[in-house]
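Asks: here you go, sequence then predicted model.
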Amino acid sequence: MTTGQTTPDQAHTEPAAVTMLGPDFPFGYDEHLAHPDGLGSVPGEHHGREVAIVGGGLSGMVTAYELMRMGLRPVVYEADQIGGRLRSQPFGGAHGPIAELGGMRFPLSSRALFHYIDHLGLRTSPFPNPLSEATPSTVVELGGESFYARGYDDLPDFLKDVADAWHEALGEVGFADVQKAIAERDVPRLKELWNELVLALDEETFSGFLAQTTAFGSRSFRHREVFGQVGFGTGGWDTDFPNSMLEILRVIFTNADEDHQLVHGGAQQLPVGLWKDAPACVHWPAGTSLESLHGGAPLPGVARIARGEDGRFELTDRWGSARSYDAVVVTCQVWLLSARIDVDESLFSPDLWMAMERTHYMQSSKTFVRVDRPFWKDVDTQTGRDVMSMTLTDRLNRATYLLEDDGAASICLSYTWNDDALKWLALPVEERVRLQLHSLRKIYPGVDIAAHIVGDPITVSWESDPNFMGAFKANLPGHYRYQRRLFTHFVQDDLPEHRRGIFLAGDDISWTAGWAEGAVTTALNAVWGVVRHFGGSTAPGNPGPGDRFAELAPLALPDGL
Ligand SMILES: Cc1cc2nc3c(=O)[nH]c(=O)nc-3n(C[C@H](O)[C@H](O)[C@H](O)COP(=O)(O)OP(=O)(O)OC[C@H]3O[C@@H](n4cnc5c(N)ncnc54)[C@H](O)[C@@H]3O)c2cc1C
């Protein structure tokens, strides 16, 4: 567990033992990024050539930034705002706190992500998760009963037993061995351990897995229920219960659920910072940035992608302007390729279309209010406890986070996923806040939270936004093959000519969707693919993800009859 604040001078480069070296494709993106020889180069005759990037979220920005550094000219199309699902919304336009509507807590094991956070000098510090050192106190409220804890040791024995059951269950699938292989970057061992789990668990739900472990099976149903309600790390797990168990293990094995950092001033600064940054580039004069190449703003949203008669990609924006490109990188959510963008079907194989259409999204809703001060630190003189705490509850709110950024205070009244998020979907913001305050009054009867609210609340339901249609991908049981098709598409040697040159990147393509690290690493795959498409290559001492593909490729499960 980390404590204290990091500054740009104390970049996140200490060798954290366990990183998000994904077990499906254990390529060290962090080492690739840190290598002095750079990510690769394209032949000089292509310098200045345009490459279309669909989407100005983190993945689009990383792709565009790295291609610009190599002398290509990225042309970014964005339907909404730069940042995508890293959206930091200020309250009422005033100086003060922001509401992190998308990604808000970033594991230190996200080494590729922190490469860019550190490069831009963004300030981070520990995120106030349940029971973490950055959290003054946590209240777990279940069935109308509240437990107050300053840390894990204060939890009642039953909750500790639930936590023990979880750790024992992970022991049953070789948690320590997998983490050792990740920490040591022992690829053969990691693949050996992980591939066995893929074969055993691809068809298994999270809840099914728990029920069949000795750890939970030998305890009560109540243990699984309480584990689902409060979880450990980031909070309740039961909205993930229908998802593939492999999805959960990818998160747990890579410490994506540990040591979370918040970005002071908001995570959106990362994609916006890449847009504005002027790195040293091949071909482009000093001072060139993505912003300057675009004259200040990205192009509008894309409405159509097709092959022109000359064989190049023709992209038409939503106002009807068309431009042609040799290569395209698509970073928006893949449902949008059929539901919102008119895409020539022949650009992708039927198998890939199937993988895109079967993509399963988590829904997610958050509601924030700004408050006058961090009043939750006031001490109740009768009990000696904080008057309010980070709260996990089985009520509608599910999780309430108390947030402070350089003294400015706000509360995330409710952060929910899936069915819990759908319960908010139809409700306007005022009704959401009213119900959420109602729940909190039951838990903290003596605290007048409403009296501390200033300005208007902010809420989001990602599934209702036509530029997203869901919060983030989460594979269901049996989706391994679909995920593999999406992820491996960047290596195009075996594709017919008419399907080459269009690359997929972003959260949907990643093995760890819902974590910004995957948006970065799949962008780096696309960068490798574009370099290759233009006849370029990586430096001999710094092979890229496609160069090591044969050695690292995710296990292929049979598709045939
Ligand atoms: C609620 C929520 C919580 C999260 N929490 C965390 C967290 O705590 N930690 C973490 O690491 N990650 C978290 N994530 C995941 C993280 O936010 C994502 O992995 C990352 O932001 C995805 O970036 P991207 O570029 O792949 O996709 P996006 O950010 O979705 O970018 C795609 C862009 O494409 C644009 N677009 C859509 N249609 C078109 C079109 N037709 N033409 C042009 N552009 C288009 C969109 O507007 C968008 O800007 C969370 C996400 C959500 C939604």
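Replies: Now that the structure is in, tell me what you want to look at. Numbers count the residues shown, from 1 in each chain.

Asks: specify the residue positioned farthest from the middle of the protein.
Replies: Gln382 (42.0 Å; Cα atoms, centre = their mean).

Asks: pLDDT score for that residue?
Replies: With respect to pLDDT, Gln382 scores 93.

Asks: now do the SS call for it.
Replies: With DSSP: H, G, I helix; E, B strand; the rest coil as the basis, Gln382 sits in coil.

Asks: state the distance from the closest residue to the ligand within the stretch 451-561 of the chain to Ser125.
Replies: Going by Cβ to the nearest ligand atom, the ligand is nearest to Gly506 of the stretch 451-561 of the chain, at 2.9 Å. No exception for glycine: its C-beta is placed from N, CA and C like everyone else's. Separation of Gly506 from Ser125 (Cβ to Cβ, to the nearest Å) stands at 27 Å.

Asks: comparing these two, which residue is more hemmed in?
Replies: Between Gly506 and Ser125, counted using other Cβ atoms under 10 Å, Gly506 has the larger neighbour count: 31 against 18.

Asks: strands of the stretch 401-550 of the chain, start to end?
Replies: Taking DSSP state E, counting those that start in this stretch to define them, one finds strands in the stretch 401-550 of the chain at 408-417, 453-461, 472-473, 502-504.

Asks: is the ligand within reach of the longest one?
Replies: The reference is to strand 408-417. No - using Cβ under 6 Å from any ligand atom, strand 408-417 stays clear of the ligand, with a minimum separation of 7.7 Å.

Asks: now do that strand, average pLDDT.
Replies: On average, strand 408-417 scores 96.

Asks: now do the shortest one
Replies: In this model, strand 472-473 has an average pLDDT of 98.

Asks: interface residues of the stretch 51-200 of the chain facing the ligand?
Replies: Residues of the stretch 51-200 of the chain lying near the ligand (Cβ under 6 Å from any ligand atom): 54-60, 77-80, 84-86, 102-106.

Asks: show me those that map onto strands.
Replies: Of those, the ones assigned to strands by DSSP state E are Val54, Tyr77, Phe106.

Asks: out of those, who's the most crowded?
Replies: That'd be Val54 among those, by other Cβ under 10 Å, with 28 neighbours.

Asks: could you give the bridge partners of it?
Replies: In this structure, Val54 bridges to Tyr77, Val330 when assessed by DSSP bridges.

Asks: so it touches Thr331, yeah?
Replies: Yes - using Cβ atoms under 8 Å, Val54 is in contact with Thr331, at 6.1 Å.

Asks: which residues do the two both contact?
Replies: Listed as contacting both Val54 and Thr331 by Cβ atoms under 8 Å, 6 or more residues apart in numbering are Gly60.

Asks: any idea how far the residue lying closest to Tyr29 once chain neighbours are set aside is from Phe106?
Replies: Nearest residue to Tyr29, sequence neighbours excluded (Cβ to Cβ, 6 or more residues apart in numbering): Ala112, at 4.2 Å. Distance, Ala112 to Phe106, by Cβ to Cβ: 11 Å.

Asks: now swap in Glu291 and tell me
Replies: In terms of Cβ to Cβ, Glu291 sits 24 Å off from Phe106.

Asks: check Asp257 too.
Replies: Asp257 is 12 Å from Phe106, by Cβ to Cβ.

Asks: over to Leu197?
Replies: 26 Å.

Asks: again with Gly518
Replies: 12 Å.

Asks: how many residues are close by Gly320?
Replies: Gly320: 9 neighbours (other Cβ under 10 Å).

Asks: I misspoke; the intended subject was Glu196.
Replies: As a burial measure, Glu196 scores 13 neighbours (other Cβ under 10 Å).
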